[in-house]
Each structure stands twice: as structure tokens, then as C-alpha cells.
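S.K.: Below: sequence and its predicted model.
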Amino acid sequence: MPRSLTNFAKEAGIKYFLVSFVDLFGVLRSKLVPARAIGTMQKEGAGFAGFAAWLDMTPAHPDMFSIPDPSSLIQLPWKPEVAWLAGDLWMGGKQVEASPRVALKRQIERAAKNGQYMKTGVECEFFLVNAEGTSISDINDTQEKPCYDQSALMRRYDVISEICDCMIALGWQPYQNDHEDANGQFEMNWEFDDALVTADRHVFFKYMVKAIAEKHGLRATFMPKPFANLTGNGCHAHVSLWDKTGKKNLFSSRQDSLGLTKLAYSFLAGILHSADALAAVFNPTVNSYKRIDAQTTLSGASWSPNAITYGGNNRTHMVRVPDRGRFELRLMDGAANPYLLQAGILVAGLDGIANKRDPGKPVELNMYTEGHKLKNVRRLPPNLSEALKVFQKSNVLRGGFGQELVDSYAKLKLSEWKSYSASITPWERDHTLDC
């Protein structure tokens with residue numbers, strides 16, 4: 001971690017810094033700062049008007065400052081004279097509590113008081129589409145089951161390999177890239193790390209994928225459900241809790257049939273307990289709910305959860321336990337805010353530990369074909385409006401995220417829902433014009 005960004009700029013040949021923050025809607029906001037001014041920015045931060053972003057502020061609010069975190073620095077491999085920095089938001093000498101990165105750091109601090117640190121890895125799915133965003137970019141990618149198709153993967157070799165080369169150069173330790181279940185869809189995996197590191201890299205990964213796709217005349221989208229007949233974009237997270245040394249996995253048990261400790265089950269139970277409320281954060285757009293419990297896609301499965309259940313190595317559940325010492329949370333989609341994603345896991349998981357919640361026994365069913373056999377199973381919200389209602393009423397999330405963030409997020413997202421509800425869609429015209 002460079003102590004002096006000014007000195008680092010001279011050593012690394014950096015001309016400009018992108019001093020950034022992510023707003024409540026997950027939009028990456030930045031200012032391009034010349035290296036000559038980065039010393040001042042490191043101390044005082046880059047100034048922004050909060051109302052100009054998706055934050056619950058007005059034009060009357062004072063300046064908001066993004067103070068860059070030197071530990072987050074990423075020198076752009078495809079444009080090495082530029083470096084990116086994640087920042088924490090401050091206003092009036094205090095941190096902005098209703099801001100995503102600050103919210104995540106608060107949860108990390110809560111866990112650290114108990115000597116616990118969360119490590120996660122994310123699986124970011126995306127589509128490569130044409131520049132207009134109207135169709136997938138590869139007209140020959142037409143297989144009914146295109147997942148892992150080598151020919152379709154290699155037709156996009158130039159884009160995928162450049163992104164992977166960048167991750168290698170950045171030290172992220174990428175280990176596999178594949179064509180996903182939908183035509184035109186891809187996933188790229190890199191090593192898990194501490195929650196804040198993963199969140200910062202998640203933010204930068206989305207920017208990097210879009211930037212490199214544009215270099216090749218294409219467009220990348222993480223939209224949850226861009227095509228009705230194809231599988232949507234998920235953003236699964238693999239979760240484990242470690243001790244303060246970072247060497248002991250507190251979730252790992254050699255005695256348990258699924259390889260989890262009692263602590264892990266309590267953490268998991270906390271997520272199950274608050275899953276319907278967390279959907280507002282993990283599935284944050286109107287479009288998100290067209291991925292959840294979607295109709296059968298061209299490939300034969302939606303690969304998204306339709307109920308609040310967990311099982312072993314079974315991808316039809318909201319939570320899957322693929323291996324000892326970790327579980328995979330499959331609820332989140334490509335629109336999820338990287339910082340609120342990690343913060344939400346911690347809020348719910350720590351609540352599960354504090355209250356010694358019990359997840360019950362794992363479900364050994366194919367939820368897509370046999371889910372109807374379960375009695376009293378809890379379902380995920382059917383739309384963003386319903387998710388926000390549960391989110392606002394959740395004492396767990398209010399206690400974890402804080403009243404200010406919950407109220408601000410709900411206010412802005414309800415405004416988005418009202419805007420959507422007021423729009424007239426082609427489907428409505430097609431079906432009711434002559435009624």
C-alpha cells in the first residue's frame with residue numbers, strides 16, 4: 001500500500017487518478033485527478049455534490065468528499081498512466097453513514113470485535129452484446145445448451161483473454177473463464193479474499209469488463225435479465241468466516257456431513273432469516289425479479305432460486321454447500337451493489353450468530369421440479385415493491401445497516417418503482433389496446 005500517492009505516481013509513471021465512490025444504486029462515480037494534485041486529494045478528498053448521484057441528498061447539502069483509500073489502488077493494465085482508487089465519503093467532517101463502502105466497513109468492524117473476518121469470492125456473470133444492446137454480439141452462438149461451449153468461448157477469445165490478462169497483471173489470481181448457460185453469456189473467476197478487497201475488485205471488474213468490451217466494439221451488460229428466453233446474470237458469493245490471523249476457517253468442520261461448524265450454520269441461518277428483506281439489496285432493480293423464479297429458459301433451467309432454502313451440492317437452492325468450510329449464496333444478481341452485497345451478508349450472518357439461529361435440516365430436493373412438495377416454505381418477494389416493504393420493516397437490517405441507510409435506500413428505490421409503474425410498456429399496448 002503506497003503511503004504517498006504523489007511518490008507512487010512518480011515511481012509508477014501515473015499521470016491521472018480516478019478518485020471514485022459507488023452510490024446507493026451501485027453507479028461508479030469518479031473524478032479524473034492529475035497526479036500533481038493527488039497529494040491534496042489524499043488528505044482532503046475529491047469534492048462531489050451528493051444530490052447529483054443516487055444518494056438521499058438535496059442541492060442544499062454541503063460538499064461531499066471522497067477520500068481515497070491507498071490500499072485499493074489499481075493501475076489500469078490497459079492504460080497504465082491511469083490509476084483507480086476507491087474512496088470513502090465524508091461530509092462536514094463525518095463519514096456519510098448512508099454510503100455503501102462505509103456501510104461495509106462498519107460491518108467488518110463489527111465482526112472484527114469478535115475476532116472474525118469474512119472472506120468471499122464472487123461469480124460475476126455478464127453478456128457481451130452489440131453496441132446498441134439489442135442482441136448478443138455473436139450471431140453464431142445459437143446452441144440450445146451453450147454452457148461451456150468451446151467454439152463460442154474462443155470466438156470471444158480476444159475480449160476474454162484481455163480481461164483475464166489484466167487480472168493476472170493485477171495479482172488477482174484468476175483461475176477459470178467460461179461461456180455460461182445463456183447464449184452470449186460469460187463468467188470469469190478470481191481468487192477469494194477479505195470482503196472489502198473483494199468488493200473493491202468487484203467494482204473495478206465491472207468497469208474493466210465494460211471498458212475492454214468497448215475497445216473491441218462490443219458492450220458488456222450485467223443486467224439481471226436482458227433477454228426473456230435466456231438465463232439471467234447472477235452474482236453468486238462464496239462465503240466463509242476466519243479468525244483474526246486469517247489462517248483458521250471458522251466454518252470448516254471435518255465431523256459435519258456438509259463440512260460446516262455450528263458457527264457456520266448460525267451464520268447461514270441468519271441469511272435465511274433475512275433473505276426476503278435482503279432481496280431489496282441483492283436484487284435491486286425492477287428487472288431483477290424477472291430472473292428470480294423465471295420461466296424455463298432455452299437451456300431448460302433458470303439457475304436462479306425460487307424459495308428460501310438451503311441444501312448440499314445442489315444448485316436449485318438459494319444456498320448451496322459445495323465443499324467443506326464455505327457456502328454459496330445464489331440469490332444476488334448482476335445489478336447488486338458490490339459493497340451492499342458484502343455488507344448485507346455480514347449484517348444477516350452476524351445476526352444469526354448473535355441470536356444462535358438454526359437453519360433447520362438441509363433440503364434434499366430439486367426445487368425446480370419438487371419444490372411444491374415442501375410445506376410452509378418461504379418464497380422470495382415477487383417484485384421490487386414487495387421486497388422493499390419487507391426491507392423497510394426488517395429490524396435486523398435496520399439494526400445492522402442503520403436507520404439512515406435503510407430509509408434513504410428505500411426512498412430512492414421506491415421512487416424508481418413508481419417511475420416504472422407509471423410507464424406504458426409494449427406488452428400493455430399489445431394486450432389491452434382493444435379492450
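M.R.: Cool, the structure landed. Residues are numbered from 1 along each chain as shown.

S.K.: gap between stretch 51-58 and the chain center?
M.R.: 21 Å (CA atoms, centre = their mean, to the nearest Å).

S.K.: so how far is the first residue of that stretch from its last?
M.R.: By CA to CA, to the nearest Å, the extent of stretch 51-58 from end to end equals 5 Å.

S.K.: can you give me the strands for the stretch 1-150 of the chain?
M.R.: Secondary structure of the stretch 1-150 of the chain (DSSP state E, counting those that start in this stretch): strands located at 16-22, 28-34, 46-48, 64-68, 74-75, 82-91, 94-95, 116-129.

S.K.: Which elements pack onto the first one?
M.R.: For strand 16-22, the contact count by 3 or more CB pairs under 8 Å, 6 or more residues apart in numbering; DSSP states H and E identifies strand 28-34, helix 38-44, strand 64-68, strand 82-91, helix 100-112 as packing neighbours. No exception for glycine: its C-beta is placed from N, CA and C like everyone else's.

S.K.: Also the second one?
M.R.: Packed against strand 28-34, as judged by 3+ CB pairs under 8 Å, 6+ apart, are the following elements: strand 16-22, strand 46-48, helix 195-215.

S.K.: Buried deepest among those, which one?
M.R.: strand 16-22 (a mean of 26; mean count of other CB atoms under 10 Å).

S.K.: The helices and strands packed on strand 28-34: which one's closest to Ala387?
M.R.: Nearest to Ala387 among these is strand 16-22 (20.4 Å), distances taken as CB to CB.

S.K.: Distance from the chain centre to that closest one, please.
M.R.: Relative to where its chain is centred, strand 16-22 has its mean C-alpha point 19 Å off (CA atoms, centre = their mean).

S.K.: Okay, angle between it and strand 82-91 too, please.
M.R.: Between the axes of strand 16-22 and strand 82-91, defined by axes from the mean of the first three to the mean of the last three CA atoms, to 10 degrees, the angle is 40 degrees.

S.K.: Let me know the average pLDDT across strand 16-22.
M.R.: Averaging pLDDT along strand 16-22 yields 98.

S.K.: Within its sheet, name the partner strands of it and how each one runs.
M.R.: Partner strands for strand 16-22, per DSSP bridges, with pairing direction: strand 28-34 (antiparallel), strand 82-91 (parallel).

S.K.: Show me the contact partners of the shortest one.
M.R.: For strand 28-34, the external contacting residues (CB atoms under 8 Å, 6 or more residues apart in numbering) are 15-23, 41, 46, 48, 53, 66, 84, 203, 206-207.

S.K.: buried ones in the helix or strand where Ile163 lies?
M.R.: Per DSSP states H and E, Ile163 falls inside helix 157-170. Within helix 157-170, the residues that count as buried by 16 or more other CB atoms under 10 Å are 159-160, 162-164, 166-167, 170.

S.K.: any idea which of the strands of the stretch 1-150 of the chain is most buried?
M.R.: Scoring the strands of the stretch 1-150 of the chain by mean count of other CB under 10 Å, the most buried comes out as strand 16-22, with a mean of 26.
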